[in-house]
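Peer 1: got a predicted structure here, sequence first:
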Amino acid sequence: MSAVIENHHDDHHHGPAKGLTRWLYTTNHKDIGTLYLWFSFAMFLVGGAMAMIIRAELFQPGMQIVEPEFYNQMITLHGLIMIFGGVMPAFVGLANWLIPMQIGAPDMALPRMNNLSFWILPFAFFILLSSLFMEGGAPNFGWTFYAPLSTEYAPPSTTFFIFSVHIMGASSIMGSINVVVTIMNMRAPGISLMKMPLFVWSWLITAYLLIAVMPVLAGAVTMMLMDIHFGTSFFNAAGGGDPVLFQHIFWFFGHPEVYIMILPAFGIVSHIIETFSRKKLFGHSSMVWAMLSIAILSFVVWAHHMFTVGLPLAAEIFFMWATMLIAVPTGVKVFNWVATMFRGSISFETPMLFAVAFVVLFTIGGLSGLMLAIVPADFQYHDTYFVVAHFHYVLVPGAIFSIMAAVYYWIPKWTGNMYDERLGRLHFWLSFIGVNVTFFPQHFIGLAGMPRRYPDYALQFADWNMVSSVGAFLFGFSQLLFLFIVLKTVMGGKKATGQVWEGAKGLEWSVASPAPYHTFSTPPKVD
Amino acid sequence: MFFRFLRNLTKSSTLLLAFLLVPVINADWFALNMTRGITDISNEVFELHMLIFWICVAIGALVFSVMFYSMWAHTKKKNPVPAKFHENHKLEIAWTIIPFLILIAMAVPASKTLVKIYDDEAGDINIQVTGYQWKWQYKYLEDDVSFFSNLSTDLDEIYNLVPKGENYLQEVDEMVVIPAGKKVRFLITANDVIHSWWVPAFAIKQDAIPGFVNTAWTVVDTPGIYRGKCTELCGKNHGFMPIVVKVVEQEEYDLWVDNKRQEAIKLAELTTKDWSTEELVQRGQEVYEVNCVSCHMTDGQGISGIFPALAGSEIALYDKDRHIEILMEGVQGAAMNSFDYLSEVELAAVITYSRQAWGNAEKGDGEVVVPKDIVEYKEPKI
Amino acid sequence: MNKGAKKTLTKLIIAVPLMFAFGFALVPLYDIFCEVTGLNGKVSQSEYSDELVTDSGRPIALQFISTNNENMPWTFEPSEQVMKIETGKYHTATFYVKNTTNRKMVAQAVPSVAPSNAAAHLKKLECFCFEQQELMPGEDALLPVKLLVSNDLPSNIKNVILSYTIFDITDYNDEAMAHHDMGME
């Protein structure tokens, strides 16, 4: 691997290779970042199409479009594809593009592994999606795949599902190792840890989280595999195992996973708010400490997903208090963003619109999360649409809005062209309205008593489900506009300057737009 | 420019908004909140929910108002030169400690309620609830009553062939009945995969896990019918295994238990006892002499032209199924009424008797009808 | 690649299999945790202990429930629904079990205790749930469980529920069994 970096200097003046092989063999962080971003966008549309099927079925009470069995496959694949195919690869793509440029490094530390970690992903999702055409259908046990529904009672395609999770895990782990090695060793002289841009910080923490929990997920699915094929009983009560153990292991992975999907968003939003407020970020170091404490706390709150499995009283109280504690650092971050905007000189270009919407809607999702932490109340909320509303508020106008904001913010740097501001704002407003119309009524549906993962429902839930479905179609189809805007920007448009945004600071803005194929072959000077 | 753009957007999307507004306006604006429920615990949970909700609203309002204010007042136009500050230790300490105190204020009452919910004392009545794919079984441990509770909504309603009833997907063939004012403990387990037993009105939600028993309890003072659902994905028909609890006064409950017990005894008698032909014939003759003899006569010859003879009748000789059907349904336009009010044992016995007596056994197939046959005949109609 | 990068890489590459192993280590850790706290009623066998036996016990009710897991056709029920016992004394209860099928079958009973904080105070000297039960076609048996509820049982608990779920663990792939089955058909 070291050879690659050493040779680097020689082909410095060469541009990218031509044709398909450029993408197949590339070890360039910018190319790989682009691949990741396009892949995640494709998966976002696939997972989104499944969401459209779900919402179409739920438009009215009664079974209209799909059968319950297929509906369960849709909710399972929608979750898996959006998490592992949509949000995570998008963040890895952004990391690839931005981390080397933000720390003044020529490339990622392990470029060949970088290529490998991307190119195994399409196979993972090919396998996962092909399970739709297998006998017995695709996995139908929800993205949380609780045993024994996912072991003894699972369709035969589960083995392929396990295999594809292994590949996704391997890809994430390799990607994270790359990120950590790059950040720890390739920073330009003068960039101390505390001076690192927040996006880099957020990814450093995320990468450590991934390295810690992805192997645990791999362990969990391996145990499932052994239960299914080799007669072990990790999760089978008859053989001395315990189905609840599965949930403990799963959420030991699952809760940090939730923060894996939001920490990079914190980094992105901090940069954007800073830029468009034309004011230095308030409390840079407290932002770092807040992210660190959120990451550490994420390892001791997993059982708040399991308040109804019959935990002892002491455990319920511990996990309730620990979970509520997370509100403190999360609050600090929100206050810091508001304080950054305060007495700034704010303009509302599309990235800023998405970032502001992120702060408001993520806070709403966070507050409903606080409500969910209260165990007695959670007995009423648990596994209802209130939970669905909560996690979609933190993931859609949270993680996904931050990714869209990032795309609008950095796309001039990537392509050298400005996106169409009018269309960008149209996209924002359609998405903003769509998201809220979709997910806000789900709070009502949940409180009124509709459980999640229901293909059909009682009549009192009908009105708000219809509203929610209309919103979902609006949000879903607006994303085609996003695709159009991105394509239009790639093809051409007003040329962007190097700095692009008036208030933008940071090394990535010090190079030309589009960023040259190789940047910072010699480290920049940073004071 | 931005506002002109917004106006254009509004104009072009009027149609879309209209499409959106219709369901919003029609929606039930009074069904937005959690149910208060009808037990002390569910009330406490509701109060807790409202307390946290208002605290969250207050926090949200405070943060957003500062934010919206600066979005309005500190735009590039109004405030071309941004301020320089980027730190304030006092402020930062304050907004770390104050939320911490607010959290404690929320967690303390929540913990207190939780301790109340985790009450280990036995119930006056203990009901074992077992989740199956996809129905619930209820066993009353003290009273020896046990039954399954299935969704009773018609498939035609689900597939939109007929209009949906008021309790669409929230109705069962047999409700769980519990007495008012008594402490009822539910021992929740499962038979196959994990299910979860939720009745919002009692604020009970407990996972049903194969091999393990979870407990939950309630005291309900108000008689009524309360509906709940399965809340853990359990396969294909997860959405189709509702829970319906009927709370009745003690006297009514005692009657119900008595009834269920007798039903159980009867059913056990019918299905487990091996009836011999002699027993049936003997019992059947008694029934015949009370119910049939006035028309069909002691010798089974009936009265020519008015009441048909049973001796040598085609049906009594060869057609067992039609024989059962005649006794259960009667004969249209004839004097023969339905005898379905007789017990299963009595019906089986009297049919067997008339297939055996008067030389019928020798002439025909002589098939015996046992009580189970009658139960099976009735079954699809339940 | 520079030295520092190699060092970081090595550390991370070691961390991955360690975390994978940690996932598996959660299994025994969880068992230990359950045993200590009595979570899930996973009561393991305990030695006879004089210290636990006392005359100053109080009366409580032991309630038994039995569940057949899916497709388990055996008859399985407690001989007595409720037993009045005293804490600090050994008692024996029995469960009646019958293989109602026409093939040899093996079963495993899985115990669970409610309320969950009673489990730690339940000491089982012997229990049919510690071993597998094999019954020939039509065979029946009375399965004993000998236990003591320790005097430290929280005083608000006056009723302890002991539940057993019986699972069919017959190995149908086993050749002898398979032959047997075919013979029956």
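Peer 2: Sure, I can see it.

Peer 1: for chain C, see how far away the residue of the stretch 151-300 of chain B found nearest chain A is.
Peer 2: Residue nearest to chain A within the stretch 151-300 of chain B: B:Gly211 (3.0 Å; CB to the nearest CB). Backbone N, C-alpha and C define where each C-beta goes, glycine included. Distance, B:Gly211 to chain C, by CB to the nearest CB, to the nearest Å: 4 Å.

Peer 1: and the helix or strand where A:Leu98 lies, what does it pack against?
Peer 2: For A:Leu98, the host element (DSSP states H and E) is helix A:88-103. Helices and strands touching helix A:88-103, as assessed by 3 or more CB pairs under 8 Å, 6 or more residues apart in numbering or on different chains; DSSP states H and E, comprise helix A:29-57, helix A:158-185, helix A:198-229, helix A:263-277, helix A:401-415.

Peer 1: now the angle from it to helix A:29-57?
Peer 2: Helix A:88-103 and helix A:29-57 are oriented at 150 degrees to each other (axes from the mean of the first three to the mean of the last three CA atoms, to 10 degrees).

Peer 1: may I have helix A:88-103 as PDB, with CA atoms only?
Peer 2: C-alpha atoms of helix A:88-103 as PDB (Å, rounded to 0.1, in the frame of the first residue of the first chain):
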ATOM      1  CA  MET A  88     -24.000   5.200   5.600                       C
ATOM      2  CA  PRO A  89     -22.400   5.100   2.100                       C
ATOM      3  CA  ALA A  90     -23.400   8.700   1.600                       C
ATOM      4  CA  PHE A  91     -21.500   9.700   4.700                       C
ATOM      5  CA  VAL A  92     -18.500   7.600   3.600                       C
ATOM      6  CA  GLY A  93     -18.600   9.300   0.200                       C
ATOM      7  CA  LEU A  94     -18.500  12.700   1.900                       C
ATOM      8  CA  ALA A  95     -15.700  11.500   4.100                       C
ATOM      9  CA  ASN A  96     -13.700  10.400   1.100                       C
ATOM     10  CA  TRP A  97     -14.200  13.600  -0.700                       C
ATOM     11  CA  LEU A  98     -13.700  16.000   2.200                       C
ATOM     12  CA  ILE A  99     -11.400  14.500   4.900                       C
ATOM     13  CA  PRO A 100      -8.200  14.500   2.800                       C
ATOM     14  CA  MET A 101      -9.000  18.100   1.600                       C
ATOM     15  CA  GLN A 102     -10.000  19.400   5.000                       C
ATOM     16  CA  ILE A 103      -6.800  18.100   6.700                       C
END
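
Peer 1: from the contact counts, what lies against the next helix or strand after that helix?
Peer 2: Helices and strands here follow DSSP H and E; after helix A:88-103, the next one along the chain is helix A:111-119. Contacts defined by 3+ CB pairs under 8 Å, 6+ apart place helix A:111-119 against helix A:2-8, helix A:29-57, helix A:158-185.

Peer 1: ok, back up a step: contact partners for the residue of the stretch 151-300 of chain B closest to chain A?
Peer 2: Applying CB atoms under 8 Å, 6 or more residues apart in numbering or on different chains to B:Gly211 gives the contacts A:237-238, A:242-243, B:189, C:69, C:110, C:112, C:165, C:167.

Peer 1: quick one: pLDDT of it?
Peer 2: For B:Gly211, the pLDDT comes out at 86.
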